[in-house]
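A.B. asks: turn this into a model:
(2 chains, ligands or ions: 1)
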Amino acid sequence: MVTRSTTSDRGIPDGPGAAGTDADGDRYGRIAVSLTVLAFLFHLGAVACRAASVQRVPWGNMYEFSTTFGMVAVGMYLVLLALKKRVRWIGLFLTTTVLLDLGLAVAVLYTDSDQLVPALHSYWLWIHVSCAIISGAVFYLAAVGTFLFLFRDYYEAALTAGRAVNPTWANIMNRLPSAATLDKFAYRMNALVFPLYTFTVIAGSIWAQAAWGRYWGWDPKETWSFITWVAYACYLHARATAGWKGRKAAALALVAFACFIFNYYGVNIFITGKHSYAGV
Amino acid sequence: MSTESGPKTAREAEEGTAADRAAEDRATDVRETGSGAGGGAGDYGSAGAQLSTAPVEELGEVVPGSFGGVRGPGWRGALGWTLRECFGWLRWMWRQLTSMRIALILLFLLSMAAIPGSLVPQTSVDELKAQSWKDVHPNATPIYERLGLFHVYSSPWFSAIYILLFISLAGCILPRSWQFVGQLRSRPPAAPRNLTRLPAYTTWRTAAGEDEVLDAAHKLLRGRRFRTHRAGGAVASEKGFLREAGNLMFHLALFGLLISFAVGALWKGEGGKLIVEGDGFSNNLTQYDDFKPGTFYTADDLDPFGFSLDSFDATYARTGPQKGTPRTFRANIHYWKGPDGKPVKSSIEVNKPLEIDGETVYLIGHGYAPVVTVKDARGTVVYQGPTPFLPSDGSLTSRGVVKVTDNYRNKAGRQDQLAFSGIFAPTMVIDNQGPHSVFPALDRPALVLTAYHGDLGMDGGVPQSVYQLDDKKMTQYKAADGQPLRQVLAVGEVLQLPDGGGSITFDGVKTWASFQVSHQVGNGWALGSAVAAILGLAGSLFIQRRRVWIRATPGADGVTVVELAGLGRSESARIADEIGDLAYKLLPDAPQLPDPSGPGGTANDPSDEPHLPDEGARA
Ligand code: HEM
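C.D. replies: Below is the predicted model:
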């Protein structure tokens, strides 16, 4: 059996991962993954407790979104690992950002348990927000891949051109998957959730129809989800048709993810609109 | 497949085709610097042709400039030349507009252009907010207005972008649809001569005859719903047309969305009505506070129905971190259909609008209406009833004006007009911030009023807000100390106008609720298009269009050589898995013979199922 393209476009194979070729390193890696699983279980318990305390889905304000979001992001990562995808390299970035996210949630966004304002009394809250959180988590994993792709791509370009690379840097870069693999990973993740994100926006507008009497009203939150959606569509287009792989597409993907993040933090905090009901 | 005993791996074959590889690499280079649209299928000649309907980018082909031809003498020549030139330019622009690159740029512009509308308050979203922004920024306002920044989503530049995008889309979709129909009718392309060059490939030798193998292969592929064609000692097959169909459906659904949106905007009817507890509404133009019909909606289209607001329930968090935030809002109503239908009891909540005869009634807001009685100097009641005040904060500190336009006579017996303007608070507190409310429920309701008399300016024909006072021709009453008359009234208390000019009594408070009555068209179409878009998108992104070829050729020693190869639009591990799986399913009909040249050639274990490593690039 022969399959082509087992190596990257540059013919550079995937790196061995953070552990390198060291058996001890690999063991530490396994321990780290086990600890991540444990942390995930605690996190799940915490979110479940919050849900029990507020007696509803814990997605009523930014504190609750943030905690659930971090949990789902780790969950997605563990799902990928369980599916035997070689994604252990995401771990470091994932746990760092999730800690940051949780820190923000606890220190800045914390809100005591409370009930919901009437506008949120709807089963569409369930559907719309859960989809948004899952989409966000997968977009996030893709963004990590894209980000690392850019570094690795510059590194590979330097290698191919025979330019000198700082040895420490080379040591780090060497362990990452090849640029082509990272690029493909990011694309697959983005393409995978794009339909779900589309559904999220549509579910939101069905809810808006019930709550406010119109399915689309260019409220800031709606506007930014439109912007995000078009930006991701742009990225997929670039990849699917114009053959814009590599850095240009990566830049588009990062712009799209930035829009997603702005829609979450920026719009909730800086812009007032109909969605700013939860007092952050 | 395991290298030792599996069907002959093509590793040797691959080594043998090093020259081919080099040629292919060159082809790849050409592709990458050249068209760039090839994806995984770019280098395989006719085998990879038309694996998609996506256009191949023709970068650098269209050159602006004169479209040539000799310009003949005289006016005929000039005319011919001009026509040719115009036509050439039009065609050039059309080609540009429908190119993928421009589509990409337009998409990007669309997302960028949507940003300002989220930062500058939009008149269509929140008129009051837009107005107060304009009041605060008098210098920027004219420029912003010129640029249409207060109505971005209907501004010429925003419209231009999406209209161009949709023209581009039409220009892209139509040819692709034709092409797709053509592809559906045509046969899968014949097997390329050299199958080993394809992205996934396997081969083995069998004692079964060629025809037997091909029959089995044909049946196998058919069974998996491949479109097949058998010719020249090989079965060619193709699958995954739903990908293309999905992609076309998605882009068509975008048109559906746009059209539904436009139809919805043109034929909608939308009106707002504020109703005080105990009052009613019937659906005709004169009853609305404001009415915003679409271009093609007229008063004749209003369905006869009505409803009355019996009471309004509102509860708020009394304790906890979100004290004062609303918990429930419910408008208890009776509604009736037709001019004299029977009233039916019902209720309207924020997420539960009332549907009557294709009209939908939404609960939009609520507030308080102080009930007052105004008497003139003679003691005659000249005004009595609830006057809605508009909330200005979350605790429902509300502002409003009681206007007395008729019948009032002052001490001298002369007709005059009165106005009482002020603040109502359901739970009043007066501190250094002035009078305001600290809780939205009616715990300690109070009114703070000042009084005016003079000309309310209502006769000028200019419509004015019932919530605002135009005090240009009014004189404020002064208290004995010369300060403006101003008094805090609890329920039951009276404000006396100076010099026996009359009085105003605060009798009580009623709640009002505001409703939006919407007549909506095209919602079903919008929803249908949205669903079609998601399904199409899922098809387009999750289904892989691919081709599989199975060839059987007589080998030198009387055995049959089976070859399987696959090609997908984009390289993916899945095509390799699929080829492996097909090979496995084909083995019973084409049992594998020991490989004469292989090392373990004699010991072929039939139970040694081909173990197919998924070597394809994997995340
Ligand atoms: C109106 C805005 C548009 C949006 C939101 C949009 C969105 C998308 C998305 C999300 C995909 C990805 C599907 C995939 O990867 O297979 C796609 C693919 C594609 N779009 Fe669009 N598109 C738009 C306009 C256009 C226009 C104007 C054109 C043509 C000029 C076009 C032509 C294509 C083609 C050829 C593909 C790829 C087909 C394939 O992969 O076989 N699209 N579009």
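A.B. asks: the lengthiest helix in chain B and the ligand, are they touching?
C.D. replies: Ranked by number of residues, the top helix in chain B under DSSP state H is helix B:156-185. Yes: contact of helix B:156-185 with the ligand (CB under 6 Å from any ligand atom) involves B:165, B:168, B:169, B:172. Quick note: C-beta positions are derived from backbone N, CA and C, even for glycine.
A.B. asks: got a markdown table for the residues you listed, with neighbour count and pLDDT too?
C.D. replies: Output for the residues of helix B:156-185 next to the ligand, formatted as a markdown table (neighbours: other CB atoms under 10 Å in any protein chain shown; pLDDT from 0 to 100):
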| residue | neighbour count | pLDDT |
| --- | --- | --- |
| B:165 | 21 | 94 |
| B:168 | 22 | 93 |
| B:169 | 20 | 93 |
| B:172 | 21 | 88 |
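A.B. asks: same list (those residues) but as TSV, adding distance to residue B:89.
C.D. replies: Formatted as TSV, the residues of helix B:156-185 next to the ligand follow (distance: CB to CB, whole Å):
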residue	distance to residue B:89
B:165	21
B:168	17
B:169	22
B:172	20
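A.B. asks: just those now: which is nearest residue B:391?
C.D. replies: residue B:165 (41.2 Å; CB to CB).
A.B. asks: can I assume the closest one is in contact with residue B:103?
C.D. replies: Yes: the pair formed by residue B:165 and residue B:103 meets the contact definition of CB atoms under 8 Å, at 7.1 Å.
A.B. asks: what does the stretch 101-250 of chain B put close to the ligand?
C.D. replies: So the stretch 101-250 of chain B meets the ligand at B:103, B:107, B:165, B:168, B:169, B:172, B:247 (CB under 6 Å from any ligand atom).
A.B. asks: now the second one: closest residue in space that isn't a chain neighbour?
C.D. replies: Once flanking residues are discounted, residue B:107 sits nearest to residue A:234: 4.5 Å by CB to CB, 6 or more residues apart in numbering or on different chains.
A.B. asks: in what helix or strand does that neighbour lie?
C.D. replies: helix A:220-240 (DSSP states H and E).
A.B. asks: could you do residue B:384 as well?
C.D. replies: Assigned by DSSP H and E, residue B:384 falls within strand B:381-386.
A.B. asks: paired strands for that strand, with orientation please.
C.D. replies: Next to strand B:381-386 in the sheet, as set by DSSP bridges, lie strand B:359-375 (antiparallel).
A.B. asks: in the stretch 301-450 of chain B, what spans have low per-residue confidence?
C.D. replies: B:321 (pLDDT under 70).
A.B. asks: distance of the residue of the stretch 451-600 of chain B found nearest the ligand relative to residue A:10?
C.D. replies: Closest to the ligand within the stretch 451-600 of chain B is residue B:540: 4.0 Å, counting by CB to the nearest ligand atom. Separation of residue B:540 from residue A:10 (CB to CB, to the nearest Å): 29 Å.
A.B. asks: which of these two has more residues huddled nearby?
C.D. replies: More crowded of residue B:540 and residue A:10, by other CB atoms under 10 Å in any protein chain shown: residue B:540, with 23 against 14.
A.B. asks: go ahead and confirm that one touches residue B:247.
C.D. replies: Yes: Residue B:540 is within contact range of residue B:247, at 3.9 Å (criterion: CB under 8 Å).
A.B. asks: in stretch B:207-219, what counts as buried?
C.D. replies: B:208, B:210, B:213, B:214, B:215, B:216, B:217, B:218 (16 or more other CB atoms under 10 Å in any protein chain shown).
A.B. asks: just stretch B:441-456 next, same as before
C.D. replies: B:441, B:442, B:445, B:446, B:447, B:448, B:449, B:450, B:451, B:452, B:453, B:456.
A.B. asks: need phi/psi at the fourth one.
C.D. replies: Going back to what we said before, that points to residue B:446. phi -150, psi 160 (degrees, to the nearest 10).
A.B. asks: name the nearest residue to it, sequence neighbours excluded.
C.D. replies: Per CB to CB, 6+ apart, closest to residue B:446 is residue B:428, 3.7 Å.
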